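*Asks:* A structural model of the following input is requested.
(3 chains)
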Amino acid sequence: MPELPEVETVRDGLARHVLGREVAGVEVFRASAVRRHEAGPADFAARLTGRTLTSAVRRGKFLWLLLDGAPGADAPDGALLAHLGMSGQLLVHHAADAGRHPHLRARLHLEGQVEVQGPVQVQGQGAGGRDGDGGELVLDFVDQRTFGHLAVTGLVPTPDARPGGLGSPLTALPPAVAHIARDLLDPDLDHPALVAALRRRRTELKRALLDQTLVSGIGNIYADEALWRAGLHGTRPTDRLRPVEAQRVLDAAAAVMREALRVGGTSFDALYVDVNGSSGYFDRSLAVYGQAGRPCPRCGTPVVRTAFMNRSSFTCSRCQPRPRAARRAATGRGTA
DNA sequence: CACACGTCCTGGTAGC
DNA sequence: TGCTACCAGGACGTGT
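*Replies:* So this is what the prediction gives:
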């Protein structure tokens, strides 16, 4: 499942392989892949063609490529927005040897690298040189389940910009992302404010961690891992968390995502930009997620799976004691 | 057939 | 009562 570390790995791969290239053509194989582009697939393709990809930006699980070189004067500067949903992948291939994946939803044809104004960040050894040979590339959007999507969008000023910002490149973002909170790896995230906001919520802790308008990037997997590391149960009422507990679970989430990023980020060295979160390398390090029946790495107690919000939660009943009385965060209608 | 789950949407509730 | 903000839960979609 692509959560923040997987999306960041994709963003980094795109930054190294497709920036500076111009979109020469667009194919949409399934209209629903661009359903959030309201004007439809033809308009999607038209607005993309002729534009140059100048930057790869991410907030939480949303990722977008900034577009330069509007073909028509009426076309505003904007971005190609992508969300990978549950199974989306963005794959870069040399045009010559690009096959057709069975779940290929859309394909961008990219012309050879051109010079763009401003520095195109090329990091990683040799990555830029190999691709800068002028050969044509394709950027494929592959998505087995169909929760992911692409759209060409405008940009609005970042609503939560901080005057003393520490250097986050997020000065503008797609309207569809404007309501998404900063993530735990964002240098401009206001940590004390986040702790306060979390404790102000009147809900369960895991629900809050998954709420992208509170803090973004955390999905079901990393929520469970963070809760386990922090020794907190996901049903703990947020308004009863002590400040140190709130801080601890957020720190744990940041730590587990950084570790995943380190592993995932070193797994893709070549042109192939992959994201297949659950089959990645990090799943070997998962302590509880998907580990029902197996011993807790800390105390040996079998991990238990419980249903939660139409999905699963994995916990160690010893390391993560249930809140007493399981008083579901005072929502008015108690739990029975 | 249940299950995987991120996001959007709807309807409900609390509190002013 | 009206308004706003917030919250819970269902729908969506495809393949195993």
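
*Asks:* Quick check: residues of the stretch 51-200 of chain A near DNA strand C?
*Replies:* Proximity of the stretch 51-200 of chain A to DNA strand C, by CB under 7 Å from any atom of the strand, involves residues A:86, A:103, A:144-147. C-beta here means a position set from N, CA and C on the backbone, and glycine is covered the same way.

*Asks:* So how do I select the buried members of those in ChimeraX?
*Replies:* Buried residues among those (16 or more other CB atoms under 10 Å), as a ChimeraX selection:
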select /A:103,144,146
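
*Asks:* What is the nearest of the residues of the stretch 51-200 of chain A next to DNA strand C to residue A:246?
*Replies:* Residue A:246 lies nearest to residue A:86 out of those, by CB to CB, at 28.2 Å.

*Asks:* Could you show which parts of chain A are in contact with DNA strand B?
*Replies:* A:1, A:3, A:60-62, A:83, A:85-86, A:145, A:147, A:176, A:210, A:212, A:219-221, A:305, A:307, A:310-312, A:331-333.

*Asks:* which ones are touching the residue of the stretch 101-250 of chain A found nearest DNA strand B?
*Replies:* Of all residues in the stretch 101-250 of chain A, residue A:219 sits closest to DNA strand B, at 3.2 Å by CB to the nearest atom of the strand. By CB atoms under 8 Å, 6 or more residues apart in numbering, the contact list for residue A:219 reads A:1-4, A:61, A:210.

*Asks:* Now with 6 Å, please.
*Replies:* Going by CB atoms under 6 Å, 6 or more residues apart in numbering, residue A:219 touches A:1, A:3.

*Asks:* Return the backbone torsion pair for it.
*Replies:* phi -110, psi -170 (degrees, to the nearest 10).

*Asks:* Show the model's pLDDT score for it.
*Replies:* The score at residue A:219 is 90. That number is its pLDDT.

*Asks:* repeat for residue A:160
*Replies:* Predicted confidence (pLDDT) for residue A:160: 78.

*Asks:* Got phi/psi on the nearest residue to it once chain neighbours are set aside?
*Replies:* For residue A:160, ignoring the flanking residues on the chain, the nearest one in space by CB to CB, 6 or more residues apart in numbering is residue A:182 at 6.5 Å. Backbone torsions for residue A:182, taken as degrees, to the nearest 10, come to phi -60, psi 160.

*Asks:* residues contacting the residue nearest to the spatial centre of chain A?
*Replies:* Among the residues of chain A, residue A:61 comes closest to the average C-alpha position under CA atoms, centre = their mean, at 2.1 Å. Contacts here follow CB under 6 Å, 6+ apart; on that basis residue A:61 touches A:7, A:217.
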